[in-house]
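Trainee: Give me a model of this one.
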Amino acid sequence: MESTILSSRFDWLGSDETSFVALDGSNQDHPRIVHQIPEEIGSGWVESMHLPLNQIIRRGYVSFKPKVSGQLYPLSTMVEHFREPVLCIHSVKTGLVMLSDLNHGQDYSINSNSSLFQHLVHRNSSAKMDTSEDVEYVILIIGNSVLKKLFGEECAASLLQGLHVASIPSGTVNKVPHHINTILHSSISDHLTGNTAKLHAQAKVLDYLCALHKYFANEIQEEQSSRNMQELIYQVHDDLIHLHGKVPSLGELAKRYDLSVKQLSHEFRNTYKKSLFSYITEVRLIEAHASLQKSDIPMKTIAKHLGYSHVNHFITAFNKQFGYSPGSLRKKNNADHILKNGWSV
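Mentor: As a prediction, the model looks like this:
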């Protein structure tokens with residue numbers, strides 16, 4: 001199986017001599033490689049595994065001597081080329097890692113509560129580690145084509161969007177719940193070997209990805225659903241504002257907009273702070289108030305236009321809304337008009 005990775009090179013920064021490890025796409029399976037760290041600083045290792053579903057997982061560990069505690073130690077630089085865009089996940093079990101993206105001048109701080117997610121086709125990074133405590137980390141690399149096969153194109157896209165790495169290249173640090181990180185951190189077993197170790201790691205990685213998708217992608221879907229609902233309620237509002245005659249019942253409206261009566265009622269009140277009918281009634285009475293002031297349209301016509309079955313129902317609602325009758329408003333308006341034009345009564 002051809003690896004997503006074309007080539008990898010790791011240069012140790014703490015060694016006096018030039019020291020590096022180079023891997024190509026055919027040898028991403030690698031037992032523990034010893035970090036070239038001076039003995040007075042500490043020691044460490046990194047291992048790599050090419051999983052059955054064409055993902056690369058790596059685990060590393062670095063232990064620092066007490067005398068260097070409280071420093072940021074430059075561990076290595078990593079240059080990698082990929083056959084296609086990949087999702088590269090950096091997760092820390094213990095300690096603190098400072099990762100610098102040398103291509104784009106971005107620095108990222110990663111600890112046990114947060115992980116770095118990158119979406120890229122070329123990686124050129126350097127890593128520094130806080131020597132205050134031992135560092136254990138996991139790196140997972142998944143090609144876009146693999147991600148799409150696992151989730152389907154739409155769900156894979158929603159995961160990348162939820163992680164805020166939909167564009168290429170991009171990188172961001174996200175807080176990840178401990179129970180999700182624990183799945184990834186336990187993927188490589190110290191007690192299993194051969195294909196059993198790979199199958200164990202693959203199962204854990206799939207569990208981790210599913211948990212990641214549920215946590216991050218669902219959040220985006222909920223936000224999208226919320227936006228869609230908001231837009232639908234705005235549409236209901238606009239349609240009713242421009243509707244003449246009787247307002248349809250809640251049941252009729254709910255059916256028209258493919259909502260339940262309870263959902264329509266709740267969402268409308270949540271958006272406009274009033275029940276649907278109270279809101280529309282108020283808007284229509286304000287419209288009637290303006291019509292009475294600006295025109296001589298008969299009240300019966302206004303009442304019918306606004307959906308009242310009888311003019312008396314309109315008069316009652318008007319009086320309740322404004323504290324005076326529509327007839328008194330029209331009389332006052334006519335009187336004001338006469339006085340303004342200098343006519344005598």
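
Trainee: From here on, just use CA atoms for contacts and neighbour counts.
Mentor: Noted.

Trainee: Can you show me the helices along the stretch 151-300 of the chain?
Mentor: Using DSSP state H, counting those that start in this stretch, the helices of the stretch 151-300 of the chain run over residues 153-162, 178-185, 194-212, 218-241, 250-256, 261-272, 276-294, 299-305.

Trainee: and the third one, what does it pack onto?
Mentor: Helices and strands in packing contact with helix 194-212 are listed as helix 178-185; criterion 3 or more Cα pairs under 8 Å, 6 or more residues apart in numbering; DSSP states H and E.

Trainee: can you put the helices of the stretch 151-300 of the chain in TSV and add mean neighbour count, mean pLDDT and distance to residue 329?
Mentor: As requested, the helices of the stretch 151-300 of the chain are arranged in TSV below (neighbours: other Cα atoms under 10 Å; pLDDT from 0 to 100; distance: least, Cα to Cα, whole Å):
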stretch	mean neighbour count	mean pLDDT	distance to residue 329
helix 153-162	18	91	57
helix 178-185	17	93	67
helix 194-212	17	95	64
helix 218-241	14	71	24
helix 250-256	14	86	32
helix 261-272	16	89	28
helix 276-294	16	86	7
helix 299-305	17	85	12
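
Trainee: Arrange the ones you listed in JSON lines, one row each, with distance to residue 89 as further columns.
Mentor: What follows is these, written out as JSON lines (distance: least, Cα to Cα, whole Å):
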{"stretch": "helix 153-162", "distance to residue 89": "12"}
{"stretch": "helix 178-185", "distance to residue 89": "10"}
{"stretch": "helix 194-212", "distance to residue 89": "11"}
{"stretch": "helix 218-241", "distance to residue 89": "19"}
{"stretch": "helix 250-256", "distance to residue 89": "45"}
{"stretch": "helix 261-272", "distance to residue 89": "39"}
{"stretch": "helix 276-294", "distance to residue 89": "48"}
{"stretch": "helix 299-305", "distance to residue 89": "63"}
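
Trainee: How many neighbouring residues does the residue lying closest to residue 116 once chain neighbours are set aside have?
Mentor: Using Cα to Cα, 6 or more residues apart in numbering and skipping the chain neighbours, the partner closest in space to residue 116 is residue 173 (4.4 Å). Residue 173 has 20 neighbouring residues, counting by other Cα atoms under 10 Å.

Trainee: who are the neighbours in contact with residue 173?
Mentor: 108-110, 114-117 (Cα atoms under 8 Å, 6 or more residues apart in numbering).

Trainee: Which one of the helices of the stretch 151-300 of the chain lies nearest to residue 333?
Mentor: Closest to residue 333 of the helices of the stretch 151-300 of the chain is helix 276-294 (Cα to Cα; 6.1 Å).

Trainee: Report the two of the contacts of residue 173 separated the most.
Mentor: Greatest spatial distance among these (Cα to Cα): 109 and 117, at 11.7 Å.

Trainee: who has more neighbours, those two?
Mentor: Higher neighbour count among residue 109 and residue 117: residue 117, with 23 against 15, using other Cα under 10 Å.

Trainee: Assign that one to helix, strand or coil.
Mentor: strand (DSSP: H, G, I helix; E, B strand; the rest coil).

Trainee: The residue nearest to it when sequence neighbours are not counted bridge partners, please.
Mentor: What sits nearest to residue 117 in space, not counting adjacent residues and going by Cα to Cα, 6+ apart, is residue 89, at 4.7 Å. Applying DSSP bridges to residue 89 yields these beta-bridge partners: residue 117, residue 140.

Trainee: Quick one: neighbours of the closest residue to residue 201 other than its chain neighbours, just the number.
Mentor: Spatial nearest neighbour of residue 201, excluding adjacent residues (Cα to Cα, 6+ apart): residue 187 at 4.5 Å. For residue 187, the neighbour count with other Cα under 10 Å is 24.

Trainee: and if you look at residue 164?
Mentor: For residue 164, using other Cα under 10 Å, the count is 18.

Trainee: Next up, the contacts around it.
Mentor: Listed by Cα under 8 Å, 6+ apart, the contact set of residue 164 reads 171-172.

Trainee: Then the one 3 residues further on?
Mentor: Contacts of residue 167 were listed using Cα under 8 Å, 6+ apart, and they are residue 119.

Trainee: picking up where we left off before, and the contacts of residue 173, which is closest to residue 25?
Mentor: residue 117 (21.8 Å).

Trainee: what does the model give the closest one for pLDDT?
Mentor: Listed pLDDT for residue 117 reads 97.

Trainee: next one: the one 4 residues further on
Mentor: With respect to pLDDT, residue 121 has a value of 95.

Trainee: That one contacts residue 86, correct?
Mentor: Yes: under the criterion of Cα atoms under 8 Å, residue 121 makes contact with residue 86 at 6.2 Å.

Trainee: Those two - which one has more neighbours?
Mentor: The residue with more neighbours, out of residue 121 and residue 86, is residue 86; 26 against 18, by other Cα under 10 Å.

Trainee: How far does stretch 88-104 sit from its chain's centre?
Mentor: When C-alpha coordinates are averaged (Cα atoms, centre = their mean, to the nearest Å), stretch 88-104 and its chain have centres 21 Å apart.

Trainee: What residues sit buried inside it?
Mentor: Neighbour counts over stretch 88-104 (16 or more other Cα atoms under 10 Å) mark 88-101 as buried.
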